[in-house]
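In: got a sequence here, can you build the structure:
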Amino acid sequence: MREEGWVPANPAPLGLAAFGLTTLVLSLVNANLINQGDAPVVLGMAFAYGGLAQLLAGMWEFRTGNTFGAVAFTTYGAFWISAWLLLTQYAKLIPPTAVPSALGAYFWAWAVITALLFLCSFRQPIGVILVFLALTVTFVLLGVGHAGGSMKTIHAGGWAGLITAGLALYCVAGGIMKHQYDKPILPFTVK
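Out: Coordinates of the predicted model:
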């Protein structure tokens, strides 16, 4: 039973932090800023933080009645878990000649749901809207790059992912600061 006057914490900063930090690390690989051999460092983070923590944030958003946050965080929590499964279990089952088109289709599918969420984000703070716009661009570039075998396009997707991560982490800071200081501190991050 809740105490009178008890207000639950906002799960959005956790969901955005899990998304932003995991996106940052993967985008460093995709942008070719760290060696491709370092890519396995993303796997644990993708499963535990990007996947599970974000999935939990999505479930907690359902409890607050925030349908947009619930769908977004649950969707991208599932994205990170699926990416972990794809890279650790299932990619080796794809015939080598089909890997580019398979990865292209994977990223295109995520671009579609992301574009849909972008269209549904216009009542969110501007920072969140920009996260979804940048993420749509990221997935489109990764889909095109993988399907066409273009490392330059994949690297461009990595750079777009770095912008996406930066925007998400900026929104994280704004959400936590609003709670800590009882007023909005960073513009464009909270209502």
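In: so which residues of this protein form strands?
Out: Here the chain has no strands by DSSP state E.
In: now tell me which helix or strand of it has the poorest mean pLDDT.
Out: Sorting the helices and strands of the chain by mean pLDDT, DSSP states H and E puts helix 41-45 at the bottom, at a mean of 92.
In: first vs last residue of stretch 40-56, how far apart are they?
Out: 24 Å (Cα to Cα, to the nearest Å).
In: ok, and what's touching that stretch?
Out: Contacts with stretch 40-56, where a contact means Cβ atoms under 8 Å, 6 or more residues apart in numbering, come from 11, 14-15, 17-19, 21-23, 25-26, 29, 73-74, 76-81, 83-84, 87-88. Just so you know, the C-beta spots here come from the backbone N, C-alpha and C atoms, and that holds for glycine as well.
In: so where's this protein uncertain?
Out: 1-7 (pLDDT under 70).
In: for the longest helix along it, name the packing helices and strands.
Out: Assignment by DSSP state H gives helix 151-181 as the longest helix of the chain. Under the contact definition 3 or more Cβ pairs under 8 Å, 6 or more residues apart in numbering; DSSP states H and E, helix 151-181 sits against helix 12-30, helix 126-148.
In: quick one: neighbours of residue 188, just the number.
Out: Using other Cβ atoms under 10 Å, residue 188 has 15 other residues around it.
In: got phi/psi on it?
Out: phi 70, psi 20 (degrees, to the nearest 10).
In: returning to that earlier point: where's the least confident helix or strand of the chain relative to the chain centroid, distance-wise?
Out: Centroid separation for helix 41-45 versus its chain: 14 Å, with Cα atoms, centre = their mean, to the nearest Å.
In: output it as CSV, restricted to C-alpha atoms.
Out: C-alpha atoms of helix 41-45 as CSV (Å, rounded to 0.1, in the frame of the first residue of the first chain):
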residue,chain,number,x,y,z
VAL,A,41,32.2,-4.9,-25.6
VAL,A,42,28.8,-3.8,-26.7
LEU,A,43,27.2,-7.3,-26.2
GLY,A,44,27.0,-7.3,-22.4
MET,A,45,25.8,-3.7,-22.3
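In: in contact with the residue lying closest to residue 153 once chain neighbours are set aside, which residues?
Out: Of all residues not flanking residue 153 in the chain, residue 145 sits nearest, at 3.3 Å (Cβ to Cβ, 6 or more residues apart in numbering). Applying Cβ under 8 Å, 6+ apart, one finds that residue 145 lies in contact with 104, 151, 152, 153, 154, 155, 156, 157.
In: buried ones only from those residues, please, as a ChimeraX command.
Out: For the buried members of the contacts of residue 145, the matching ChimeraX selection, counting by 16 or more other Cβ atoms under 10 Å, is:
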select :104,153,154,155,156,157
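In: now do stretch 14-27: distance to the chain's middle.
Out: In terms of Cα atoms, centre = their mean, the centre of stretch 14-27 is found 6 Å from the chain centre.
In: and for it, what's in contact with it?
Out: Surrounding stretch 14-27, the residues in contact under the criterion Cβ under 8 Å, 6+ apart are 41-42, 45-46, 49-50, 53-54, 56-58, 60-61, 69, 72-73, 76-77, 80, 131, 135, 138, 158-162, 164-169, 171-172, 175.
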